[in-house]
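Trainee: Sequence and predicted structure are below.
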Amino acid sequence: MKTKTTSISPAMIQIDGSHGEGGGQILRTALSLSAITGIPFSLDSIRAGRKSPGLMRQHLACVRAVSQVCSAHVKGAILRSTCLDFYPGPIGHSRGVFEIGSAGSTGLLLQTLLPVLLHGDAESEITLRGGTHAIQAPCFDYLDEIYAPRLRAMGAQFTLELNRIGFFPAGGGEVEARITPSTLKPEVFDSESKPKLESVEILTTPSISDRVPEKEIDALARKLTFSAHQTRVRVVTDSQCPGNAILLRATGGTLIASHGQRGKTSERVAKAAAGAMNRYLQAGAPIDPFLADQLLVPMALAGGGEFVTAGLSSHFHTNVETIQQFLPIEVETLTNPNGGQRVLLTHH
C-alpha cells in the first residue's frame, strides 16, 4: 500500500492526538520534527483514548527537554493537559540533566531528543533520569544493542552509557548520552540469514527470591531451545526498588524484553518473552515491529531508506501520518513471498 503524502505549509500544523493509535508517539514525533523543521504545531485531544488521558510526567519531560534545546515557546505544558501549542526556535545543544520524575521511559525521551541534537550547533552531553527497564518502552539494552547500531549505520554519531538501572515503579535509573551533530543518510536493512536465539539473561534484585529466575528459566526452556552456557542471571544491587526482567537476544538483530510486575507470575513473564521471540524467529525478518516504528523518523530525516520487518503495527501507520505532516515523504509497503513486509521510504 502507499500512504498519501501531505502537503507542507509554513503555517502552524493542527494535529489530532486521538487519531490512529492515539498515544504518546504522536507527541514525541511532532516535537522532534517541529524542532528540526521549524514548523510550529498545535496538538489537541492528547492521548484521548487512554485510561489517563493528557500529558503524563514522561510526556512533559519530552516537551520540556525539546523546548529547552530549541528555545521553544510552549502553551499547555502542564500535567494532564490535553492540548499543546509548540513554537520552536533555533536548535542549540545541551549539557543538561533531564529528570522525568517517575519511572517514565528514558528510552522514549532519548528517542525524542536524539534526532534534534543530531541537528545541533555543537556536541551535546546529556543525562536522563527515570525508568530504564519498564513495560511498553524500549529498555536500555534494546537501545544500546539494537536501535543505536542501526542509526550509526545511517551516519549518526553518539554514545550511550547506563549508570544505573531504573525499574518500575520507582525509576531512579540514569543514562548518559554524548551526541555529535551528524548528517543521516539512507540505508537498507535486510538480511537473508535465519535468526537464532543467542542468549537468555535474567535481571533481578537482591530482595527477589532466587526461585523467580529459576522458574523463569524453566518456563522459557519449555518454549525455547537453549543451553546452560547461553543463560545468565544478573543481580542488580543499586536499584531503588525490586525489579525483574527477562532479556532474550537473537542473532538476527533483536532483543525481546519481558518485565516482572506485581501480581504477574514468573511463568507469565517468561511466556510473554518466549512467545514474542518465537514470533520473531518464525518470521525471519531482520527488523522487528518495534524497531520498524522507531526507524521511521531517522529514515525520514535521512531522505529515505528501506527495511524488511515481520509486521506493521498501528503505531507504525500513525507515526507515518504524523511524519507526513512535517516532511514530504512517501512510504510504500510490499508483502514479501515469505510474508514479511518490505518498507520503502522516499522523499518528494
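Mentor: Done, it's in.
Trainee: Which residue ranges make up the domains of the chain?
Mentor: Domain segmentation of the chain under automatic domain parsing yields 13-190+287-347, 197-283.
Trainee: can I get these in TSV with mean pLDDT?
Mentor: Listed next are the domains of the chain as TSV, based on pLDDT from 0 to 100:
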stretch	mean pLDDT
domain 13-190+287-347	95
domain 197-283	95
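Trainee: now, of these, which is deepest in the fold?
Mentor: domain 13-190+287-347 (a mean of 20; mean count of other Cβ atoms under 10 Å). C-beta here means a position set from N, CA and C on the backbone, and glycine is covered the same way.
Trainee: can you give me how far that one is from the chain middle?
Mentor: Relative to its chain's centre, domain 13-190+287-347 lies at 7 Å (Cα atoms, centre = their mean, to the nearest Å).
Trainee: got the end-to-end distance for that domain?
Mentor: 20 Å (Cα to Cα, to the nearest Å).
Trainee: before we move on, what about stretch 153-167?
Mentor: First-to-last residue span, stretch 153-167, Cα to Cα: 30 Å.
Trainee: One more: stretch 142-161?
Mentor: 13 Å.
Trainee: cool, stretch 85-104 as well?
Mentor: End-to-end distance (Cα to Cα), stretch 85-104: 22 Å.
Trainee: same question, stretch 31-45
Mentor: Start-to-end, stretch 31-45 (Cα to Cα) is 16 Å.
Trainee: what's the answer for stretch 88-106, then?
Mentor: 22 Å.
Trainee: what about the helices in the stretch 1-150 of the chain?
Mentor: Per DSSP state H, counting those that start in this stretch, the stretch 1-150 of the chain carries helices over the ranges 24-37, 57-69, 106-117, 140-142, 148-153.
Trainee: for these, which one sits closest to Pro213?
Mentor: helix 140-142 (16.4 Å; Cβ to Cβ).
Trainee: residues in contact with the closest one?
Mentor: 106-107, 132-133, 160, 162, 165, 173, 175, 247, 255, 257, 290 (Cβ atoms under 8 Å, 6 or more residues apart in numbering).
Trainee: try it again with 6 Å
Mentor: The contact list for helix 140-142 (Cβ atoms under 6 Å, 6 or more residues apart in numbering) reads Thr132, Leu162, Leu247, Leu255.
Trainee: Arg249 is in contact with the last one, correct?
Mentor: If I follow you right, that is Leu255. Yes. Leu255 is within contact range of Arg249, at 5.2 Å (criterion: Cβ atoms under 6 Å).
Trainee: ok, the contacts of helix 140-142 vs Glu99, which is closest?
Mentor: Nearest to Glu99 among the contacts of helix 140-142, with distances taken as Cβ to Cβ, is Thr132, at 13.6 Å.
Trainee: hang on, isn't that closest one packed against Gly166?
Mentor: Yes. Using Cβ under 6 Å, Thr132 makes contact with Gly166 at a distance of 4.6 Å.
Trainee: Identify the contacts common to these two.
Mentor: Contacts common to Thr132 and Gly166, judged by Cβ under 6 Å, 6+ apart, are Gly173.
Trainee: how far away is the nearest residue to Ala153 once chain neighbours are set aside from Ala35?
Mentor: The shortest distance from Ala153 to any residue other than its chain neighbours is 5.4 Å, reached at Glu187 (Cβ to Cβ, 6 or more residues apart in numbering). Per Cβ to Cβ, to the nearest Å, Glu187 is found 23 Å from Ala35.
Trainee: who's the residue nearest to Lys75 when sequence neighbours are not counted bridged to?
Mentor: Nearest-residue entry for Lys75: Asp85, 4.1 Å, with adjacent residues in sequence omitted and distances by Cβ to Cβ, 6+ apart. Beta-bridge pairing of Asp85 under DSSP bridges involves Ser42, Lys75.
Trainee: My guess is Asp85 contacts Phe41. True?
Mentor: No. Using Cβ under 6 Å, Asp85 is not in contact with Phe41; the gap is 7.7 Å.
Trainee: list residues touching both of these two?
Mentor: Joint contacts of Asp85 and Phe41 (Cβ under 6 Å, 6+ apart) do not exist.
Trainee: Quickly note the distance from Arg50 to Asp218.
Mentor: 36 Å.
Trainee: And Leu114, how far from Thr333?
Mentor: Distance from Leu114 to Thr333, by Cβ to Cβ: 25 Å.
Trainee: go on, Lys215?
Mentor: Relative to Thr333, and taking Cβ to Cβ, Lys215 is found at 40 Å.
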